[in-house]
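Novice: What follows is a predicted structure for the sequence shown.
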Amino acid sequence: MNAPVQVPAQTRLRLAHGCLDHLAREAGVRILHLKGVSLHPSLAEGRSPSTDCDVLVDPAQVGLYCQVLAAHDWQQITTFEHGSVFTHAATFHHQVWGTVDVHRTFPGLEHDPAVTFERLWDAHEQVDLGGIACAAPDLTAQRLLLLVHAARDAMGRARHDVRVSWTEVDADGRARIDALAMELGAVVPLALVTDRPELAVGQPDEHLWRAVHRRANPTEVWMARLRDARGPSRRARILVEAVRVNRDHLGLRLGRVPTRQEVRREWWARWGRFLRR
């Protein structure tokens, strides 16, 4: 019997993006394809390949799109609330197509998510993914998204992304990126990743972004969030969140749904780590 044909990973990802777009169109949902195989060629050349898909969904339609994915055998792995410190994306997995991060926001773009999506959608371009013309942000927006992501990147692509999205960009191109960052509330991460930290001083979430940019440990990140928080009620919520067990991450670590006993054990372990640090 012949061995099964192995589809190249990047081909599978392009097909997966096409599948995701097809499902969105069938449901009347608008999505933008981000990073990975959807990148402009000038940004993708020489970049280490992606292993999953990323899409940004119209915030008003996120719930509907998640229902559509679940109805077509995409299993939800993490929730928005516990996927990351930014609560920006939920992760789904399909046995054939692999993994997708469904973004309801993009970390670092701090202005209203609905307004941000409309701004990116109005200037979107089309890219062929899996034989389907899919919507992707225009070149300036793609540069900004890569730069903002590079400010917290832990996958080793930051140096490449900063080079192709900023260092090698002319003055006019940089001015357009700065203007879009100002419009979408991305001044802080852009300032840090482009070595202009003075522009971040006094801005919202300054300390959080400084912490993630220097790859601070989780406790330092939580302390940075406390410094940025405005008002006692917000600080109290952050303290509660800091010691709450992230069931999504615990489940991924265990490879299954954690038991109550395992959640309690992790809760005490989190307190221990918090106090030691």
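Specialist: Ah, there it is. Numbers count the residues shown, from 1 in each chain.

Novice: Report the separation between T79 and V62.
Specialist: 12 Å (Cβ to Cβ, to the nearest Å). To be clear about C-beta, it is placed using only N, CA and C from the backbone, and glycine gets the same treatment.

Novice: how about the helices in the stretch 1-150 of the chain?
Specialist: 9-27, 41-44, 62-71, 80-83, 113-122, 139-150 (DSSP state H, counting those that start in this stretch).

Novice: now those as TSV including distance to S50 and mean neighbour count?
Specialist: Below are the helices of the stretch 1-150 of the chain laid out as TSV (distance: least, Cβ to Cβ, whole Å; neighbours: other Cβ atoms under 10 Å):
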stretch	distance to S50	mean neighbour count
helix 9-27	6	19
helix 41-44	9	14
helix 62-71	19	16
helix 80-83	17	18
helix 113-122	19	17
helix 139-150	12	24
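
Novice: Adding mean pLDDT, write the ones you listed out as CSV.
Specialist: Formatted as CSV, the helices of the stretch 1-150 of the chain follow (pLDDT from 0 to 100):
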stretch, mean pLDDT
helix 9-27, 97
helix 41-44, 96
helix 62-71, 98
helix 80-83, 76
helix 113-122, 97
helix 139-150, 98
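
Novice: can you tell which of these is closest to A211?
Specialist: Nearest to A211, of all the helices of the stretch 1-150 of the chain, is helix 139-150, at 15.3 Å by Cβ to Cβ.

Novice: Convert the C-alpha atoms of that closest one to PDB, please.
Specialist: What follows is helix 139-150, C-alpha atoms only, in PDB (Å, rounded to 0.1, in the frame of the first residue of the first chain):
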ATOM      1  CA  LEU A 139       0.800  47.000   3.400                       C
ATOM      2  CA  THR A 140       1.000  49.900   5.900                       C
ATOM      3  CA  ALA A 141      -1.300  48.100   8.300                       C
ATOM      4  CA  GLN A 142       0.500  44.800   7.800                       C
ATOM      5  CA  ARG A 143       3.800  46.600   8.700                       C
ATOM      6  CA  LEU A 144       2.200  48.100  11.800                       C
ATOM      7  CA  LEU A 145       0.700  44.700  12.900                       C
ATOM      8  CA  LEU A 146       4.100  43.000  12.500                       C
ATOM      9  CA  LEU A 147       5.800  45.700  14.500                       C
ATOM     10  CA  VAL A 148       3.300  45.700  17.300                       C
ATOM     11  CA  HIS A 149       3.500  41.900  17.400                       C
ATOM     12  CA  ALA A 150       7.300  42.100  17.400                       C
END
